[in-house]
Each structure stands twice: as structure tokens, then as C-alpha cells.
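Student: can you look at this prediction? I've put the sequence above it.
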Amino acid sequence: MLDADFFTKIEHVARVIRGKDLPFGGIQLILCGDFLQLPPVTKSGQKRLFCFQSSAWHNCIQMTFELTEVRRQTDIEFINILQHIRIGRCPKEMCEKLVSTNSNKIETAGILATRLCTHKEDVEQINVVQLEKLSGETRIFNALDSDPALVKLINNQCSVKAKITLKRGTQVMLTKNLAVQRGLVNGARGVVIGFNNAEKGLPIIRFLNGVEQTITPERWTIKLGGGAFLMRRQLPLQLAWAISIHKSQGLSLDCVEISLSRVFECGQAYVALSRARNLEGLRVIDFEKSCVHADSEVLKFYQKLRVETKLLKQSNLNCYSGYDKENSQYCY
Ligand SMILES: Nc1ncnc2c1ncn2[C@@H]1O[C@H](COP(=O)(O)OP(=O)(O)OP(=O)(O)O)[C@@H](O)[C@H]1O
């Protein structure tokens with residue numbers, strides 16, 4: 001998430017580039033996001049400020065809207081639980097419901113649940129151990145990078161690794177939308193069922209929705225300053241026995257197992273739980289109420305927004321009835 005410092009810097013750069021002393025140099029902005037999800041990552045010892053806490057935000061952002069319709073989940077009970085967790089609450093009955101998911105059997109047709117972990121060291125370890133356990137031929141797929149000397153930079157910006165090791169039985173996840181209509185979307189879960197006969201022996205994946213597809217390399221482009229680009233060609237796959245909660249941001253997952261005992265951030269439990277599409281596809285192995293936290297500054301931000309929205313609606317209603325109380329005038 002964008003922090004106050006970065007927002008302030010890009011606002012300044014926009015003014016300089018546009019040569020105009022207007023908010024963001026006069027560039028129109030639409031920002032979207034949810035401050036109650038994972039907060040900005042900061043270096044240790046550095047004070048964390050959300051972008052709405054910067055003066056640049058107050059100078060640039062004139063209107064804020066709260067989107068309230070949930071689309072990822074359809075089950076009202078689950079939506080209600082998530083709405084409470086999002087604001088840092090977990091009443092007893094909701095706690096019990098989440099604990100009860102511990103016994104959910106969510107594996108189907110050889111596709112195992114993805115474990116969401118709080119710490120990336122755990123992710124690496126789980127994936128390495130599980131891959132080693134598989135017998136059978138190992139296939140290694142190395143990325144083709146436009147500038148191999150900048151591999152670290154590309155690794156940081158790109159959602160696929162420079163080297164992907166696969167065997168038959170490897171649990172994988174798509175890292176790009178390939179065919180939305182067929183359910184081959186970023187985050188779709190599958191398992192390697194074999195390799196084709198082409199020269200490179202490309203992996204054939206069976207996805208959770210039953211679709212079987214040979215996966216071919218895709219291209220990622222990374223924009224650098226000054227109009228320069230970096231490029232990586234690689235399979236749009238990552239190992240999926242485990243991924244970190246941070247890396248799961250933005251994904252929707254069909255079958256997910258979550259460990260929350262080592263939560264260390266506000267919003268971390270909410271991000272993890274809200275990746276699941278439904279309660280049946282979710283297994284929380286160690287749920288405790290104490291893992292649910294919401295940042296108090298963010299709660300204040302949303303409370304203020306709600307009050308302002310209510311006032312705005314009120315003033316609009318007054319307007320419809322002919323009299324705008326706030327501005328003490330009649331409207332037509
Ligand atoms: N208008 C819509 N109609 C149907 N499905 C939708 C619509 N908008 C979003 N969805 C679905 O809801 C899911 C979540 O959408 P999206 O990732 O845009 O939400 P988000 O607010 O970014 O979520 P989060 O911040 O929690 O990751 C996706 O599976 C998407 O396909």
C-alpha cells in the first residue's frame with residue numbers, strides 16, 4: 001500500500017513534470033484501495049503513515065466514496081463475518097464459526113488447499129519440502145530476461161520467479177489472467193498432471209474447475225524511469241502449496257488453508273480470510289480472536305468519511321426538498 005512519504009514524493013514529481021503548481025500538477029487522479037487491508041510496508045524503526053495522513057492527500061483528494069457491495073463472496077453469513085473482522089471485531093458466534101472450519105475437507109481431484117502463511121520463510125520451506133517429496137522427473141524452467149544483470153530488480157517487480165521447478169503432482173497457481181471465460185485467471189489453482197511432447201516439455205495443468213491446459217511462457221514488462229523497459233518471459237505459474245498473506249493480496253482463492261497464530265499486522269487476518277470465496281472452501285487451522293486487529297487511525301478515517309457522506313446525503317435530501325440547510329439557500 002502507498003504510504004504518506006511515497007504519495008508526497010510522486011505528487012511533487014507530478015508538479016515538477018507538469019510545470020504547474022496545482023495538486024498533482026493538474027493530473028486527474030482516481031485512487032482505489034482499502035486501508036483496512038495490509039498497511040504500507042516500512043523499514044524497521046520508521047514511523048508508518050498512511051497516504052491519507054499526508055498533507056499532499058488533503059491538497060489533492062477532493063472526493064472519497066466508499067464501495068459497499070461485496071462481489072467475491074455471496075454467502076451472507078460469511079460476508080457478515082468478514083465485515084466484522086475487517087473492522088477488528090469478532091463476536092463469539094463468529095469466532096466459533098471460523099474455528100469450526102478447522103475440520104473442513106476442501107481438497108478435490110488432487111488439488112490441495114493453498115496454505116496462507118504470515119511469514120515468507122514458512123512459505124519457502126513448505127513449498128521446497130513438498131516439492132522434494134514428489135518422485136518423478138524434475139523439469140526446470142528458466143526465465144528469459146531482457147537484462148540478466150538486473151535479475152534482482154526484475155524479481156522484485158515480477159510475479160514469477162526466474163527459475164520454476166516442476167514435477168508431476170506439483171501444486172500450482174496461475175499468476176496471470178489467461179482466459180477469463182474459462183476460469184484461467186490470476187490465482188486459479190491447479191496441479192501439474194504431466195508435460196507435453198514439445199521440445200521444452202511444457203507443463204499440462206488440471207485446474208480446479210476441471211479445465212486442462214498446457215501452459216506456455218508469457219511476457220511481463222516492467223516500466224523503468226526515462227521510458228526504459230525490462231522484460232521477462234516465463235511460465236505464468238508459482239508453487240501453491242503455500243503463499244504469504246502479503247502475496248495473496250488481490251487474489252480470490254477457491255480452496256485455502258490459513259494459519260493465523262503468528263499474525264503481526266493489522267488487517268492481516270482480514271486479508272487472509274477474505275481471499276476465500278466461501279466458508280466451504282476455507283480451513284482456518286488455529287483461529288483465535290486475538291489475531292483480529294484493525295488500525296485505529298484507519299478506523300477513524302472511515303468513521304469521519306461516513307459522517308461526511310451522511311452530511312452530504314442529508315444536504316442533498318434537503319436540496320431535493322427545496323432547502324439546502326448547510327448553505328441556507330433554496331435549490332431548484
Ligand atoms: N461487478 C462485478 N460483477 C461480478 N463479479 C465481480 C464484479 N466486480 C468484482 N467481481 C468479482 O469479485 C472478486 C473480487 O473483485 P476485485 O478483485 O476487483 O475486488 P477487490 O476490491 O480488489 O478485492 P480485494 O481488495 O479484497 O482483493 C473477483 O472475483 C471479481 O471477478
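Tutor: Here it is on my side, so go on.

Student: and for residue 315, the neighbour number?
Tutor: 14 (other Cβ atoms under 10 Å). Using the backbone N, CA and C atoms, a C-beta is placed for each residue, glycine as well.

Student: if I look at it, how far off is residue 63?
Tutor: 14 Å (Cβ to Cβ, to the nearest Å).

Student: what does residue 253 give?
Tutor: 33 Å.

Student: out of those two, which sits in the busier spot?
Tutor: residue 253 (26 against 6).

Student: up against the ligand, what does the stretch 1-150 of the chain have?
Tutor: 34, 71-72 (Cβ under 6 Å from any ligand atom).

Student: just the element for residue 20, please.
Tutor: Per DSSP states H and E, residue 20 falls between elements, in no helix or strand.

Student: where does it land on pLDDT?
Tutor: pLDDT, residue 20: 95.

Student: ok, now residue 199?
Tutor: 74.

Student: same check, this time on residue 332
Tutor: Reported pLDDT for residue 332: 32.

Student: and the helix or strand residue 221 falls within, what does it pack onto?
Tutor: Using DSSP H and E, residue 221 maps to strand 218-223. Applying 3 or more Cβ pairs under 8 Å, 6 or more residues apart in numbering; DSSP states H and E, we find strand 218-223 packed against helix 151-157, strand 229-234.

Student: direction included, what does that strand pair up with?
Tutor: Neighbouring strands of strand 218-223 in its sheet, by DSSP bridges, are strand 229-234 (antiparallel).

Student: related to what we said a few turns ago, going through the residues of the stretch 1-150 of the chain next to the ligand, which ones are buried?
Tutor: Buried subset of those (neighbour count, 16 or more other Cβ atoms under 10 Å): residue 34.

Student: any chance of JSON lines for the residues of the stretch 1-150 of the chain next to the ligand, columns secondary structure and pLDDT?
Tutor: Converted to JSON lines, these look like this (DSSP: H, G, I helix; E, B strand; the rest coil; pLDDT from 0 to 100):
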{"residue": "34", "secondary structure": "coil", "pLDDT": "95"}
{"residue": "71", "secondary structure": "coil", "pLDDT": "92"}
{"residue": "72", "secondary structure": "coil", "pLDDT": "94"}
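
Student: just the closest of the residues of the stretch 1-150 of the chain next to the ligand to residue 110, please.
Tutor: Using Cβ to Cβ, residue 72 is the member of those that lies nearest residue 110, at 25.0 Å.

Student: quick one, what contacts the closest one?
Tutor: Contact analysis of residue 72 by Cβ atoms under 8 Å, 6 or more residues apart in numbering lists 252, 274, 277.

Student: by mean pLDDT, which helix or strand of this structure comes out lowest?
Tutor: strand 329-330 (a mean of 38; mean pLDDT, DSSP states H and E).

Student: what pLDDT does the spatially most central residue of the chain get?
Tutor: When Cα atoms, centre = their mean is applied to the chain, the residue found nearest the centroid is residue 249 (1.4 Å). Here, the pLDDT recorded for residue 249 equals 91.

Student: quick one: mean pLDDT over the longest helix along the chain.
Tutor: Secondary structure assigned by DSSP state H gives helix 296-320 as the longest helix of the chain. Average pLDDT, helix 296-320: 81.

Student: next: stretch 148-168.
Tutor: 91.

Student: mind listing what's buried in that stretch?
Tutor: Applying 16+ other Cβ under 10 Å to stretch 148-168 flags 154, 158, 160-162, 164, 166-168 as buried.

Student: and the stretch 151-300 of the chain, which residues reach the ligand?
Tutor: 250, 252, 274.

Student: where neighbours are concerned, which of those has the most?
Tutor: Counting neighbours by other Cβ under 10 Å, residue 274 comes out on top of those with 24 neighbours.

Student: I figured that one hits residue 82, correct?
Tutor: Yes: counting by Cβ atoms under 8 Å, residue 274 sits close enough to residue 82 to count as a contact (5.1 Å).

Student: all helices of the stretch 1-150 of the chain, in order?
Tutor: 4-18, 55-60, 76-86, 92-100, 120-133 (DSSP state H, counting those that start in this stretch).
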